[in-house]
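Novice: coords please:
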Amino acid sequence: IKAFKLFKEKSFSILVFTSLLVSVIHQIYFLQTGLFLSSLGVADSLIGPVMSIGQFAEILTMAVLGYFLNHLGFKKVISIGVFAYFLRYLIFGTSSLPLWIIISSQAFHGFCYAFFFAAAFIYVDKISENDFRHSAQTVFGIIILGGGPVLGGWLSGFLQSTFSTNNVLNFSQFWYSVSIVGLVATIIFFTLFND
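Specialist: Down below sits the predicted model:
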């Protein structure tokens, strides 16, 4: 119960709302990126290795997360993480770009995960008192790891049906729509959140 008192703090509520938006579009990445890369002509055997670029980037950005938190603070670091979602999906949607740029943009996943999700959990841990720290992490986790993926699955299906013609998905319109969610989340967080 004490954990829910954190919602009285404006910045915590803003973080939770932003996290919900981000976890929605984070889920869409895993649902659609494989199909998207295949539509660009990437061989099925290479889709896994291409997406693993993001996992290697996660390791690198996690290694420097502490440095950036100390020098930039939570607001700027988390804002960079949210903005990375917008930028990656913007690149995905710009089909006129060379394939190597779209593939390279997988590296933004490192910033998406470490600078947003990891930094957000650290922030929740920091503002929670010892007696309800675990509960606060649980509440936060349920929202972004439970609610977000469910909404992400729905939004992915909705956008897919909206931007498909004769069962062919227009990925450009699809990713641009997802990128708008990332941009809105970035603006909301950077404007309203305070360390």
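
Novice: measure residue 193 to residue 180 for me?
Specialist: According to CB to CB, to the nearest Å, residue 193 stands 20 Å off from residue 180. Heads up, the C-betas are built off the backbone N, CA and C, glycines and all.

Novice: Of these two, which one has the most company?
Specialist: When neighbours are counted by other CB atoms under 10 Å, residue 193 and residue 180 differ, and residue 193 comes out ahead with 19 against 15.

Novice: I figured the more buried one hits residue 77, correct?
Specialist: No. The pair residue 193 / residue 77 is not scored as a contact, 11.2 Å apart, by CB atoms under 8 Å.

Novice: Buried ones in the helix or strand harbouring residue 126, by neighbour count?
Specialist: Using DSSP states H and E, residue 126 sits in helix 119-127. The neighbour-count check on helix 119-127 (16 or more other CB atoms under 10 Å) flags 119-121, 123-124 as buried.

Novice: Show residues contacting that helix.
Specialist: 6, 9, 12, 15, 19, 65, 69, 74, 77-78, 81, 133, 136-137, 140-141, 144 (CB atoms under 8 Å, 6 or more residues apart in numbering).

Novice: switch to 7 Å and redo it
Specialist: The contact list for helix 119-127 (CB atoms under 7 Å, 6 or more residues apart in numbering) reads 6, 12, 15, 19, 65, 69, 74, 77-78, 81, 133, 136-137, 140.

Novice: same deal with stretch 139-153?
Specialist: The contact list for stretch 139-153 (CB under 7 Å, 6+ apart) reads 3-4, 16, 19-20, 23-28, 31, 124.

Novice: Could you tell me the end-to-end distance of it?
Specialist: End-to-end distance of stretch 139-153 (CA to CA, to the nearest Å): 21 Å.

Novice: on that earlier part again, columns pLDDT and distance to residue 101 on top of the buried residues of helix 119-127, output as a markdown table?
Specialist: Output for the buried residues of helix 119-127, formatted as a markdown table (pLDDT from 0 to 100; distance: CB to CB, whole Å):
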| residue | pLDDT | distance to residue 101 |
| --- | --- | --- |
| 119 | 93 | 26 |
| 120 | 91 | 28 |
| 121 | 89 | 31 |
| 123 | 89 | 32 |
| 124 | 87 | 35 |
